[in-house]
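Trainee: Quick one, structure for this:
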Amino acid sequence: MKRRRFVGLAGAGALGLGHPLLVLDDDRADPSLDPSPATAGDRPGPIPQADPRFEEVARLIEAKMAEYRTTGVAFGLSKNGAAQARGFGITNVDNPQPVTADTVFPIASISKTAVGTAMMRLRDQGRVDVEAPVLEYVPDLRVADAAATREVRVWHLLTHTPGWEGQLGTPDRGPETLANFIGTLRDLPQLARPGEVWSYNNAGWGVAGRVIEVVTESTINEALDDLVFDPLGLERAFSRTGEAMTYRFAAPHRERDGRTTVIRSFQLPANVAAGGCAMSVENLIRYARFHIGDGTGPGGERLLSADSLLAMRTARVPKNSSTDEMGLGWHLRALDGVLTAQHGGTLGGHCLHVQLVPERDLCFAILTNHQDGWRLNEDVAAAILDAYEGLALAPGQRTGGNRGGNERMTSHAEPLAPQPAPGEYVGLYERPPVGEVAVSARDGGLAVGSGDDGYGLVFWAPDMAYSTGPGAFEGMAVEFIRDGEGTVTWVRVNGRIARKAGR
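Mentor: Residues are numbered from 1 along each chain as shown. Model prediction:
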């Protein structure tokens with residue numbers, strides 16, 4: 001595929017410069033690249049320069065970068081068909097280059113939406129039935145519970161509800177990675193019946209990736225190219241580290257001994273379907289625009305039916321205690337009665353966010369290359385929704401985590417008075433084979449864990465609490481989920497469930 005030449009806009013204020021700069025990415029000096037301007041159907045056209053809301057958000061990003069010591073940010077937004085993007089800061093503290101709209105970032109769990117898009121294209125082609133048992137496509141799938149093996153459907157994978165533990169390692173076996181991964185699930189016990197309890201589940205998405213491989217008779221990398229990246233004209237969208245790193249790339253960073261340092265080494269995750277893709281923010285905004293559009297590609301061809309696009313943004317399961325819901329790949333939340341569809345991503349030293357507001361023809365993305373970038377993402381996303389649409393969480397709105405990134409409950413949640421009695425919540429909650437979660441009584445309330453590794457809980461709604469800290473744990477969602485008989489059976493910490501021992 002040819003990589004077209006275009007100019008990216010870098011917000012140089014974060015670099016100590018007084019005004020934005022026009023910069024060219026590394027490959028732009030290559031005379032072999034097509035220098036012709038993109039067509040209107042291929043890339044968003046010129047946008048008006050005077051957009052006070054965009055500039056307001058840009059100033060906020062610069063302020064939050066200073067507050068949270070964020071190394072680099074790429075920000076893109078489309079409203080009513082007009083798209084704009086800007087870079088801030090640098091790609092790498094050891095080899096600083098300006099972040100531009102074309103800089104490639106890992107998108108981590110946002111990759112799941114691309115896998116969902118591929119699956120729905122196969123659905124439109126009559127090659128996958130999302131209502132069908134996974135066994136129809138992956139006959140060698142086995143988990144410890146024979147009934148769950150038979151019952152799990154493709155849509156369970158796309159909604160984080162297969163019912164087994166999701167945070168499993170995926171050894172890199174090259175083209176055989178996902179086929180090998182299926183074989184590692186044989187002794188995996190159920191924490192809930194398929195479809196019963198929402199729990200963020202990377203393992204389920206690995207199985208979904210294997211469904212795509214079997215149906216297309218290709219690797220997940222090839223399938224994403226053929227079904228999503230190439231048809232949408234995304235020249236800076238990748239699922240292989242070796243390709244992504246040949247373009248200007250945003251290196252991961254963290255704080256160590258008071259200094260911002262690069263995290264080494266770096267590889268895109270082997271479980272591509274759960275979080276192994278990378279994109280520039282310009283490509284990600286074009287991808288997001290496709291999802292709030294009518295399903296046509298850059299040349300006007302039909303790539304996804306209106307029904308499939310809508311199905312991805314239609315609630316398929318509730319998130320139990322929360323009023324948030326889950327579509328086929330997109331996390332759903334209503335703000336003032338307006339549907340938003342979102343996905344975040346966290347990958348060591350990268351924190352990413354993309355959000356759709358379809359009925360307002362708005363989408364935006366924020367990509368950071370720092371482990372604390374989720375704080376900036378959360379603050380900036382809230383400001384965008386307010387500035388452009390006047391949307392915000394209502395006080396006490398029963399939201400939960402995790403939507404692919406950290407989310408603090410304290411911004412809209414007031415503690416209950418009085419706090420509930422701790423008795424029915426206390427116990428040991430298990431997450432085999434990962435570990436367990438101990439919930440105990442402390443000073444008349446509840447705590448998770450013990451000693452320096454423990455944190456207190458504050459209830460802000462029935463069965464819904466948040467952590468009192470320390471550090472990044474402060475404000476983290478902790479939810480208790482009841483079974484059909486009304487008994488507390490699960491705890492969900494930052495989006496992932498553990499089952500109470502003996503239940």
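
Trainee: only C-alpha atoms for contact and neighbour calcs from this point on.
Mentor: OK.

Trainee: Show me the shaky parts of the stretch 1-150 of the chain.
Mentor: The stretch 1-150 of the chain contains residues with pLDDT under 70 at 1-50.

Trainee: Helices of that one, start to end?
Mentor: Remark: helices assigned in the stretch 1-150 of the chain by DSSP state H, counting those that start in this stretch are 52-68, 111-124, 146-151.

Trainee: Return the most buried member of those helices.
Mentor: For the helices of the stretch 1-150 of the chain, the largest average neighbour count (mean count of other CA atoms under 10 Å) is found in helix 111-124, namely a mean of 23.

Trainee: if we look at that one, which residues are touching it?
Mentor: Residues from elsewhere that reach helix 111-124 (CA atoms under 8 Å, 6 or more residues apart in numbering): 128-130, 158, 205, 208-209, 212, 223-224, 227-228, 272-278, 303-305, 308, 312, 328-330, 343.

Trainee: Please flag which of these sit within helices.
Mentor: Secondary structure defined by DSSP state H assigns 158, 205, 208-209, 212, 223-224, 272-275, 308, 312 of the contacts of helix 111-124 to helices.

Trainee: re earlier: ok, which of the helices of the stretch 1-150 of the chain comes nearest Asn494?
Mentor: Closest approach to Asn494 among these is made by helix 111-124 (18.1 Å; CA to CA).

Trainee: From the chain's centre, how far out is that closest one? Work that out for me.
Mentor: Offset of helix 111-124 from its chain centre (CA atoms, centre = their mean, to the nearest Å): 15 Å.

Trainee: Ok, stretch 406-413 next?
Mentor: How far stretch 406-413 lies from its chain's middle: 17 Å, per CA atoms, centre = their mean.

Trainee: okay, how far is it across that stretch, tip to tip?
Mentor: End-to-end distance for stretch 406-413: 16 Å, by CA to CA, to the nearest Å.

Trainee: So which bits of it are buried?
Mentor: 406-410, 413 (16 or more other CA atoms under 10 Å).

Trainee: now the strands for the stretch 301-450 of the chain?
Mentor: 317-318, 325-326, 331-335, 338-347, 350-357, 362-368, 427-431, 435-442, 445-448 (DSSP state E, counting those that start in this stretch).

Trainee: ah, wrong one, I meant the stretch 151-300 of the chain
Mentor: Using DSSP E, counting those that start in this stretch, strands in the stretch 151-300 of the chain cover 237-238, 253-256, 259-262, 277-280.

Trainee: ok, and what's touching the last one?
Mentor: Read it as strand 277-280. By CA under 8 Å, 6+ apart, strand 277-280 touches 101-108, 111, 236-240, 244, 268.

Trainee: Pull up the pairing partners for it, direction included.
Mentor: strand 104-108 (antiparallel), strand 237-238 (antiparallel) (DSSP bridges).

Trainee: Point out the most buried one among the ones you listed.
Mentor: Sort the strands paired with strand 277-280 by mean neighbour count, taking mean count of other CA under 10 Å, and strand 104-108 sits at the top with a mean of 31.

Trainee: what are the C-alpha coordinates of that one, in CSV please?
Mentor: Provided in CSV are the C-alpha atoms of strand 104-108 (Å, rounded to 0.1, in the frame of the first residue of the first chain):
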residue,chain,number,x,y,z
VAL,A,104,2.2,6.0,15.4
PHE,A,105,1.0,4.9,18.9
PRO,A,106,0.0,1.5,20.1
ILE,A,107,-3.8,1.6,20.6
ALA,A,108,-3.8,-1.4,23.0
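
Trainee: Who does Gly76 form a beta bridge with?
Mentor: Per DSSP bridges, the residues bridged to Gly76 are Ala85, Ala365.

Trainee: ok, now Ser440?
Mentor: Per DSSP bridges, the residues bridged to Ser440 are Ala447.

Trainee: Give me the residue ranges of this protein where confidence is low.
Mentor: Along the chain, segments meeting pLDDT under 70 span 1-50, 451-452.

Trainee: tell me the centre residue of it?
Mentor: Geometric centre of the chain, nearest residue: Gly344, 2.7 Å, by CA atoms, centre = their mean.

Trainee: What is the end-to-end distance of stretch 178-196?
Mentor: Distance across stretch 178-196, first residue to last, is 25 Å (CA to CA).

Trainee: What of stretch 87-100?
Mentor: Start-to-end span of stretch 87-100 (CA to CA) is 4 Å.

Trainee: Tell me the buried residues in it?
Mentor: For stretch 87-100, by 16+ other CA under 10 Å, it's 87-93, 97-100.

Trainee: out of those residues, which one sits closest to Glu389?
Mentor: If you rank those by distance to Glu389 using CA to CA, Gly87 comes first, at 23.2 Å.

Trainee: That closest one is in contact with Gln97, isn't it?
Mentor: No - using CA atoms under 8 Å, Gly87 is not in contact with Gln97, being 10.8 Å away.

Trainee: before we move on, back to that, most packed of the strands of the stretch 151-300 of the chain?
Mentor: It is strand 277-280: most buried of the strands of the stretch 151-300 of the chain by mean count of other CA under 10 Å, with a mean of 28.

Trainee: what about the nearest residue to Leu284 once chain neighbours are set aside, how many residues close to it?
Mentor: Sequence neighbours aside, Ala365 is the residue nearest to Leu284 in space, at 7.2 Å (criterion: CA to CA, 6 or more residues apart in numbering). Around Ala365 there are 25 other residues, counting by other CA atoms under 10 Å.

Trainee: Relative to Ser450, how far out is Ala365?
Mentor: Distance from Ala365 to Ser450, counting by CA to CA: 38 Å.

Trainee: Then Met120?
Mentor: Taking CA to CA, one finds Met120 at 45 Å from Ser450.

Trainee: In contact with Glu131, which residues are there?
Mentor: Residues counted as contacts of Glu131 (CA under 8 Å, 6+ apart) are 153-155.

Trainee: For those residues, could you give me JSON lines that also reports distance to Val439 and neighbour count?
Mentor: Converted to JSON lines, the contacts of Glu131 look like this (distance: CA to CA, whole Å; neighbours: other CA atoms under 10 Å):
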{"residue": "Arg153", "distance to Val439": "32", "neighbour count": "23"}
{"residue": "Val154", "distance to Val439": "33", "neighbour count": "26"}
{"residue": "Trp155", "distance to Val439": "32", "neighbour count": "24"}
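
Trainee: Of the residues you listed, which belong to helices?
Mentor: Those of those lying in helices (DSSP H): 154-155.

Trainee: Take the contacts of Glu131 and write them to a markdown table, including distance to Lys64.
Mentor: Listed next are the contacts of Glu131 as a markdown table, based on distance: CA to CA, whole Å:
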| residue | distance to Lys64 |
| --- | --- |
| Arg153 | 42 |
| Val154 | 40 |
| Trp155 | 38 |
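
Trainee: and which of the contacts of strand 277-280 is nearest to Arg492?
Mentor: Checking those against Arg492 with CA to CA, the nearest one is Ala108 at 21.6 Å.

Trainee: Quick one: neighbours of the residue nearest to the closest one when sequence neighbours are not counted, just the number.
Mentor: In space, and not counting its chain neighbours, Ala108 is closest to Gly275: 4.1 Å by CA to CA, 6+ apart. Gly275 is flanked by 28 other residues according to other CA under 10 Å.

Trainee: give the contact list for Gly275.
Mentor: 107-112, 268-269, 345 are the contacts of Gly275 under CA under 8 Å, 6+ apart.

Trainee: related to what we said a few turns ago, of the contacts of helix 111-124, select the buried ones using a ChimeraX command.
Mentor: Selecting only the buried entries of the contacts of helix 111-124 in ChimeraX, with 16+ other CA under 10 Å as the criterion:
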select :128,129,130,158,205,208,209,212,223,224,227,228,272,273,274,275,276,277,278,303,304,305,308,312,328,329,330,343
